[in-house]
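S.K.: Please work out how this folds:
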Amino acid sequence: MTMVVPNNGEGDALGYFVNKQSPQDLVLRLYKSNTTPAETDTAGSYTEADFTGYSSVSLTGASWTLTEGAPSHADYAQQSFTSSAGSQNQDVYGWYATRTTSGRIACAERFATAPWNIANNGDKIQVTPVITAD
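M.R.: Below you'll find the model as predicted:
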(Lines give C-alpha, C1' and ligand atoms only; values in the text may rest on other atoms or scores of the structure.)
Protein backbone atom coordinates (compact mmCIF):
# COMPACT_ATOMS: atom_id res chain seq x y z
CA MET A 1 0.00 0.00 0.00
CA THR A 2 1.10 3.58 -0.57
CA MET A 3 2.12 5.69 2.40
CA VAL A 4 -0.61 8.08 3.58
CA VAL A 5 0.00 11.50 5.11
CA PRO A 6 -3.11 12.16 7.24
CA ASN A 7 -4.48 15.67 7.72
CA ASN A 8 -2.43 16.09 10.94
CA GLY A 9 0.78 15.38 9.01
CA GLU A 10 -0.20 17.71 6.17
CA GLY A 11 -0.93 20.52 8.63
CA ASP A 12 2.41 20.05 10.37
CA ALA A 13 4.29 19.98 7.04
CA LEU A 14 2.66 23.24 5.94
CA GLY A 15 3.46 24.82 9.33
CA TYR A 16 7.13 23.88 8.94
CA PHE A 17 7.19 25.04 5.31
CA VAL A 18 6.08 28.58 6.20
CA ASN A 19 8.04 28.66 9.49
CA LYS A 20 4.88 28.91 11.58
CA GLN A 21 5.92 26.06 13.88
CA SER A 22 9.16 24.31 14.78
CA PRO A 23 9.79 20.87 13.30
CA GLN A 24 10.08 17.77 15.49
CA ASP A 25 11.85 14.47 14.95
CA LEU A 26 9.72 11.46 14.06
CA VAL A 27 9.19 8.27 16.05
CA LEU A 28 8.78 5.12 13.93
CA ARG A 29 6.24 2.64 15.30
CA LEU A 30 4.74 -0.67 14.18
CA TYR A 31 1.00 -1.22 14.53
CA LYS A 32 -0.95 -4.37 15.32
CA SER A 33 -4.48 -3.07 14.67
CA ASN A 34 -6.03 -4.12 11.35
CA THR A 35 -6.04 -0.50 10.18
CA THR A 36 -5.90 0.86 6.64
CA PRO A 37 -4.34 4.36 6.77
CA ALA A 38 -6.71 7.21 5.94
CA GLU A 39 -6.67 11.01 5.69
CA THR A 40 -8.62 11.52 8.92
CA ASP A 41 -6.39 9.27 11.08
CA THR A 42 -4.78 10.41 14.29
CA ALA A 43 -2.15 8.56 16.32
CA GLY A 44 -5.06 7.07 18.27
CA SER A 45 -6.27 5.30 15.12
CA TYR A 46 -3.46 2.76 15.56
CA THR A 47 -2.67 0.18 18.24
CA GLU A 48 1.08 0.01 18.65
CA ALA A 49 2.80 -3.38 18.54
CA ASP A 50 3.97 -4.73 21.89
CA PHE A 51 5.67 -8.06 21.23
CA THR A 52 8.63 -8.89 23.50
CA GLY A 53 11.71 -6.99 22.32
CA TYR A 54 9.73 -4.33 20.45
CA SER A 55 10.35 -0.65 21.00
CA SER A 56 9.67 2.38 18.83
CA VAL A 57 12.62 4.06 17.09
CA SER A 58 13.45 7.78 17.10
CA LEU A 59 14.33 9.08 13.63
CA THR A 60 16.61 12.10 14.02
CA GLY A 61 16.33 14.88 11.48
CA ALA A 62 20.05 14.97 10.68
CA SER A 63 20.02 11.30 9.63
CA TRP A 64 17.55 11.70 6.75
CA THR A 65 18.95 11.92 3.20
CA LEU A 66 17.08 14.44 1.03
CA THR A 67 17.04 14.17 -2.77
CA GLU A 68 15.46 16.89 -4.89
CA GLY A 69 14.01 15.93 -8.27
CA ALA A 70 10.92 14.53 -9.88
CA PRO A 71 9.96 13.13 -7.45
CA SER A 72 11.84 14.51 -4.46
CA HIS A 73 12.25 12.16 -1.50
CA ALA A 74 13.56 11.84 2.04
CA ASP A 75 15.17 8.49 2.91
CA TYR A 76 16.13 6.99 6.26
CA ALA A 77 18.26 3.93 6.94
CA GLN A 78 16.49 0.60 7.38
CA GLN A 79 15.22 -0.01 10.91
CA SER A 80 14.75 -3.48 12.44
CA PHE A 81 12.21 -4.59 15.03
CA THR A 82 13.19 -8.01 16.44
CA SER A 83 11.34 -10.34 18.78
CA SER A 84 13.38 -11.45 21.79
CA ALA A 85 11.08 -14.26 22.94
CA GLY A 86 9.32 -17.28 21.51
CA SER A 87 5.72 -18.43 21.85
CA GLN A 88 4.30 -15.12 20.68
CA ASN A 89 1.57 -14.67 18.12
CA GLN A 90 1.18 -11.05 17.10
CA ASP A 91 0.13 -9.86 13.66
CA VAL A 92 1.68 -6.57 12.54
CA TYR A 93 -0.08 -4.67 9.77
CA GLY A 94 2.25 -1.76 9.05
CA TRP A 95 4.10 1.24 10.43
CA TYR A 96 3.29 4.80 11.36
CA ALA A 97 5.34 7.79 12.47
CA THR A 98 4.47 10.32 15.15
CA ARG A 99 6.08 13.59 16.24
CA THR A 100 8.49 13.29 19.19
CA THR A 101 6.98 16.04 21.34
CA SER A 102 3.37 16.50 20.23
CA GLY A 103 2.66 12.84 19.44
CA ARG A 104 0.72 13.88 16.32
CA ILE A 105 0.72 11.41 13.43
CA ALA A 106 2.93 12.31 10.47
CA CYS A 107 2.40 9.36 8.12
CA ALA A 108 1.45 5.69 7.98
CA GLU A 109 1.81 2.74 5.66
CA ARG A 110 0.15 -0.67 5.68
CA PHE A 111 2.36 -3.55 4.52
CA ALA A 112 1.30 -4.72 1.05
CA THR A 113 1.24 -8.32 2.28
CA ALA A 114 -0.15 -7.59 5.77
CA PRO A 115 -0.28 -9.00 8.28
CA TRP A 116 3.25 -10.09 9.15
CA ASN A 117 3.27 -12.47 12.09
CA ILE A 118 5.71 -12.33 15.01
CA ALA A 119 5.77 -15.75 16.66
CA ASN A 120 9.34 -16.81 17.40
CA ASN A 121 12.45 -15.51 19.10
CA GLY A 122 14.40 -13.67 16.39
CA ASP A 123 11.43 -12.94 14.11
CA LYS A 124 12.15 -9.57 12.55
CA ILE A 125 10.35 -6.80 10.68
CA GLN A 126 12.48 -4.32 8.77
CA VAL A 127 11.21 -0.92 7.65
CA THR A 128 13.03 1.55 5.39
CA PRO A 129 11.24 4.90 5.77
CA VAL A 130 10.94 6.84 2.51
CA ILE A 131 8.79 9.94 2.08
CA THR A 132 8.15 10.98 -1.52
CA ALA A 133 6.78 14.33 -2.71
CA ASP A 134 6.00 15.30 -6.28
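
S.K.: What values do phi and psi take at the residue of the chain positioned farthest from its centre?
M.R.: Within the chain, Ser87 marks the point farthest from the mean C-alpha position, 25.9 Å out by C-alpha atoms, centre = their mean. Phi and psi for Ser87, reported as degrees, to the nearest 10, are phi 60, psi 30.

S.K.: And the pLDDT at the closest residue to Asp91 other than its chain neighbours?
M.R.: For Asp91, ignoring the flanking residues on the chain, the nearest one in space by C-beta to C-beta, 6 or more residues apart in numbering is Pro115 at 3.5 Å. All C-beta spots, glycine's among them, are computed from the backbone N, C-alpha and C. At Pro115, the model reports a pLDDT of 98.

S.K.: What's the local residue count around Pro115?
M.R.: 14 (other C-beta atoms under 10 Å).

S.K.: can you pull the contacts of it?
M.R.: Taking C-beta atoms under 8 Å, 6 or more residues apart in numbering as the criterion, Pro115 is in contact with 34, 91-93.

S.K.: quick one: which of these has the most company?
M.R.: Tyr93 (24 neighbours).

S.K.: Nearest spatial neighbour of it, chain-adjacent residues omitted?
M.R.: Nearest one to Tyr93, counting by C-beta to C-beta, 6+ apart, is Ala114 at 4.3 Å.

S.K.: from memory the one you found sits against Pro37, does it?
M.R.: No - the criterion here is C-beta atoms under 8 Å, and Ala114 misses it with Pro37 at 11.2 Å.

S.K.: These two: which is more packed in?
M.R.: Neighbours were counted for Ala114 and for Pro37 using other C-beta under 10 Å; Pro37 has more, 23 against 16.

S.K.: could you list every residue that touches the more buried one?
M.R.: 1, 3-4, 6, 94, 96, 108-110.

S.K.: for the protein, what spans make up the strands?
M.R.: For the chain, the strands defined by DSSP state E cover 26-31, 57-59, 65-67, 72-75, 79-82, 90-92, 94-99, 105-110, 116-118, 124-127, 130-133.
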